[in-house]
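Colleague: Okay, sequence plus prediction incoming.
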Amino acid sequence: MRLRPHSGFTLVELLVVIAIIGLLSSVVLASLNVARGKSLDVQRASNLRSIQQALDLYASSNNGAYPSTGGSNSWQSHCPGWPSPTIPGLVPTYLGTMPIDSKEDDANNFCCYIYTSDSTNYKLLFHNCVGNSNSVSSLIDPQRSGVANGTNIEWSVYTPGASGW
C-alpha cells in the first residue's frame with residue numbers, strides 16, 4: 001500500500017493559527033483605544049489654548065478686561081447646567097466658534113468647557129470628562145487636582161489671580 005503525500009493543514013494547525021491571529025488583533029485594538037484617548041486629550045488641550053489666545057486678544061482690544069460673567073462664582077457654559085453663553089462677546093469676533101468636545105454629554109454636564117471671570121481675571125475649565133488626566137499635566141487644575149469623581153479630568157487655563165477659583 002502506497003501512502004499519499006500530505007496535502008493540507010490539520011484541524012489543530014488551523015486552530016493554532018486562528019488563535020494567534022485573534023490574540024494579535026486584540027493587542028492591536030487595545031493599543032488603538034489608548035492612542036484614540038490620547039488624541040482626544042491633545043485636541044482638548046489645543047481647544048483650551050485656542051480659547052486662551054482668543055481671551056488674550058479680547059483683553060488686548062478691551063483695555064485689559066476679560067469678558068465678565070459677574071465674578072468668580074458665576075460659571076457659564078453652553079451645557080445646560082450653567083447659563084449661556086460660554087464666554088460673552090468672544091464668539092465670533094475673537095473665536096470662530098466655541099469648541100464642543102466629541103464626548104460632551106449635555107444631559108449630565110460632562111465634557112463641557114466652563115468659564116468664569118470678574119473682568120480682571122478668568123478661569124476656563126474643561127470640566128468633568130473621562131480621560132487620561134496625566135497626559136497633559138501642565139493643564140491639571142490646581143484646585144481640582146486633575147481628577148474629580150474618580151477618573152474624570154478637570155483641566156484649566158487661567159490668569160494668575162484666578163488660580164484659587
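Modeller: Looks like it arrived, so ask away.
Colleague: could you pull out the strands for this structure?
Modeller: 71-76, 112-117, 122-130, 147-148, 152-158 (DSSP state E).
Colleague: what angle do the third one and strand 152-158 make?
Modeller: Between strand 122-130 and strand 152-158, the angle comes out at 170 degrees (axes from the mean of the first three to the mean of the last three Cα atoms, to 10 degrees).
Colleague: Which strands and helices lie in contact with strand 122-130?
Modeller: Under the contact definition 3 or more Cβ pairs under 8 Å, 6 or more residues apart in numbering; DSSP states H and E, strand 122-130 sits against helix 11-61, strand 112-117, strand 152-158. Heads up, the C-betas are built off the backbone N, CA and C, glycines and all.
Colleague: Give me the pLDDT value at the residue nearest in space to the middle of the chain.
Modeller: Geometric centre of the chain, nearest residue: Arg44, 3.8 Å, by Cα atoms, centre = their mean. pLDDT, Arg44: 90.
Colleague: can I assume it is in contact with Asp101?
Modeller: Yes. When contacts are counted by Cβ atoms under 8 Å, Arg44 is listed as touching Asp101 (6.5 Å).
Colleague: overlap in contacts of these two?
Modeller: Phe126, Cys129 (Cβ atoms under 8 Å, 6 or more residues apart in numbering).
Colleague: For the closest residue to Tyr158 other than its chain neighbours, give the beta-bridge partners.
Modeller: Spatial nearest neighbour of Tyr158, chain neighbours left out: Lys123 (4.0 Å); criterion: Cβ to Cβ, 6 or more residues apart in numbering. Going by DSSP bridges, Lys123 is paired in beta bridges with Thr116, Tyr158.
Colleague: give me every residue that touches Gln52.
Modeller: Here Gln52 is in contact with Leu124, Val157 (criterion: Cβ under 8 Å, 6+ apart).
Colleague: how close does it sit to Gln43?
Modeller: Distance, Gln52 to Gln43, by Cβ to Cβ, to the nearest Å: 15 Å.
Colleague: Cys79: neighbouring residues, count only.
Modeller: 22 (other Cβ atoms under 10 Å).
Colleague: same check, this time on Val42
Modeller: So Val42, with other Cβ under 10 Å, has 12 neighbours.
Colleague: could you measure it against Leu124, distance?
Modeller: 17 Å.
Colleague: Over to Ser102?
Modeller: Ser102 is 19 Å from Leu124, by Cβ to Cβ.
Colleague: Same check on Ala65?
Modeller: Ala65 sits 16 Å away from Leu124, going by Cβ to Cβ.
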